[in-house]
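[1] What shape does this take:
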Amino acid sequence: MTLKRPDSVEWLHRRFEDLGPQQVHDLLHLRQQVFVIEQNCIFPEIDGLDPQCHHVLGVLDGMIVAAARIVPPGIDPAHRQQGQCPAIGRVVSASSRRGSGLGKSVMEQAILACESIFPGQPVFLNGQLYLRSFYESLGFVAFGRVFEEDGIAHIAMKRPA
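    Predicted coordinates for the structure are as follows:
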């Protein structure tokens, strides 16, 4: 599925095996730039889950500028709070596009992907605590206690079906 938006970002919803080699490279490069370098988190960013996930990519002028992955229910043992619902993870946008509404757009696309792939199911995410109100504005509700993941405060959140 390919969706165009007025802001000229092209939205791609793809299974991992349907991504081309350059797309995989560009996706992992963007995530590395933000999660490892910019946020200064040394963690296994390539965690083995990507091949089992669906991916939402925002492409502008041939470059991936935003992405999220949709984790099917039950495949990530590190997120027991997820239960039997899909999860949105690895939400990222290029630093050059921040403040343009791209973060909201990628989340809206990820929610649409979840609704399409897993209809009628709630959606889970572990959000960085400072983004709690942002996720709440998209219908997510926090539950449980604040916890630290890779040195950053997070909160588990779920969006009802």
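[2] Strands along the chain, start to end?
    Under the criterion DSSP state E, the chain contains strands at 2-4, 10-15, 54-60, 63-71, 87-93, 123-128, 141-149, 152-159.
[3] Name the residues that touch the fourth one?
    In this structure, residues lying in contact with strand 63-71 by C-beta atoms under 8 Å, 6 or more residues apart in numbering are 9, 23, 26-27, 30-31, 49-50, 52-59, 79, 82, 86-94, 96-97, 102-103, 105-107, 109-110, 113-114, 117. Glycine gets a C-beta too; all of them are placed from N, C-alpha and C.
[4] Would you mark the buried spots in the helix ranked longest in the chain?
    Counting residues, the longest helix found in the chain (DSSP state H) is helix 102-117. For helix 102-117, a neighbour-count test (16 or more other C-beta atoms under 10 Å) marks 102, 103, 105, 106, 107, 109, 110, 111, 113, 114 as buried.
[5] Give me the below-cutoff pLDDT ranges for the chain.
    For the chain, residues meeting the criterion pLDDT under 70 lie at 1-7, 43-44, 77-83.
[6] at 50 what do you get?
    Residues of the chain meeting the criterion pLDDT under 50: 3-6.
[7] Would you check that residue 105 makes contact with residue 8?
    No - here residue 105 does not reach residue 8: they are 11.5 Å apart, not a contact under C-beta atoms under 8 Å.
[8] quick one on the thing from earlier: is it possible to export the strands of the chain to TSV including mean neighbour count and distance to residue 45?
    Below are the strands of the chain laid out as TSV (neighbours: other C-beta atoms under 10 Å; distance: least, C-beta to C-beta, whole Å):
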stretch	mean neighbour count	distance to residue 45
strand 2-4	10	26
strand 10-15	17	19
strand 54-60	22	14
strand 63-71	23	12
strand 87-93	23	8
strand 123-128	22	15
strand 141-149	12	13
strand 152-159	19	14
